[in-house]
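**Student:** what follows is a predicted structure for the sequence shown.
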Amino acid sequence: MENAHGTLVLIRHGQSQWNLENRFTGWVDVPLSPLGIEEATRAGEILKSYGFKFDHGFASALTRAQETLRIILEVTGQTDLPVDYDQALNERMYGDLQGLNKAETAQKFGDEQVHIWRRSYDVPPPNGESLKMTGERVLPYYQANILPRLLAGEKIIIAAHGNSLRSLVKELDHISDAEIPEVNIPTGVPALYLLDAAGNVLEHHYLETVKGP
């Protein structure tokens, strides 16, 4: 788009080992699964096909996001890209649910309660964070460290997590508290945001396939 100023690519890490095992992960530092490695590689191939050359990268303090970004940068030939890592971009902290199997947790507490803990905007699980609380650390970090680069016209990639990215997307796309529970961020699929000089979103969509010649 001709009026685009900053370019932002969001990528949720590829499937982790605990995603595979259907366990609440949160801040537990688990690795990518073999499928997660494939998803990150595929994301890199998609971005390479579009010719993306980034100016700066950001990732959470957790291995699965960092590995996803590392693989993408290897595939795109940008291993020298400067990258900042910060726990402000970490997944939502699931508190007492971390490490528990999601199906077994639903049997113990009931499907409705677990759905509320997982998807509601402002109800945290026991000793954990709600999506609202997650946004209260993600958004200030974005505004202080990432947005200024976008306003300067840079191309930025962020590798993070389903809920930290949901909290950012909620702000970027002006999604209401009532609507955000229905928003899901797929693993390993780059989301492209084009921003104007004021930081407003001009266009956004997922890049799901390799661009043809």
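**Tutor:** Nice, I can see it. Residues are numbered from 1 along each chain as shown.

**Student:** now do the longest helix seen in the chain: everything it contacts.
**Tutor:** Identified as the longest helix of the chain according to DSSP state H is helix 34-49. The contact list for helix 34-49 (Cβ atoms under 8 Å, 6 or more residues apart in numbering) reads 9, 11, 13-17, 19-20, 32, 64, 67-68, 71-77, 157, 187-190, 207-211. The C-beta positions use only the backbone N, C-alpha and C, and glycine is treated the same way.

**Student:** and the residues you listed, which are buried?
**Tutor:** Using 16 or more other Cβ atoms under 10 Å as the burial test, the contacts of helix 34-49 include 9, 11, 13-17, 19, 32, 64, 67-68, 71-73, 75-76, 157, 187-190, 207 as buried.

**Student:** now, those that are in strands?
**Tutor:** With DSSP state E as the criterion, strands contain Val9, Ile11, Ile157 from among those.

**Student:** out of the buried ones among the contacts of helix 34-49, list just those in helices.
**Tutor:** Gln17, Asn19, Arg64, Glu67, Thr68, Ile71, Ile72, Leu73, Val75.

**Student:** report the contact partners of Gly26.
**Tutor:** Gly26 touches Glu91, Arg92, Met93, Tyr94, Gly95, Leu97, Gln98, Gly128, counting by Cβ under 8 Å, 6+ apart.

**Student:** before we move on, the earlier item: would you mind giving the ones in helices among the buried ones among the contacts of helix 34-49 as CSV with pLDDT and distance to Ser49 added?
**Tutor:** Below are these laid out as CSV (pLDDT from 0 to 100; distance: Cβ to Cβ, whole Å):
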residue, pLDDT, distance to Ser49
Gln17, 94, 28
Asn19, 93, 26
Arg64, 97, 24
Glu67, 98, 21
Thr68, 98, 18
Ile71, 98, 16
Ile72, 98, 13
Leu73, 98, 15
Val75, 98, 10
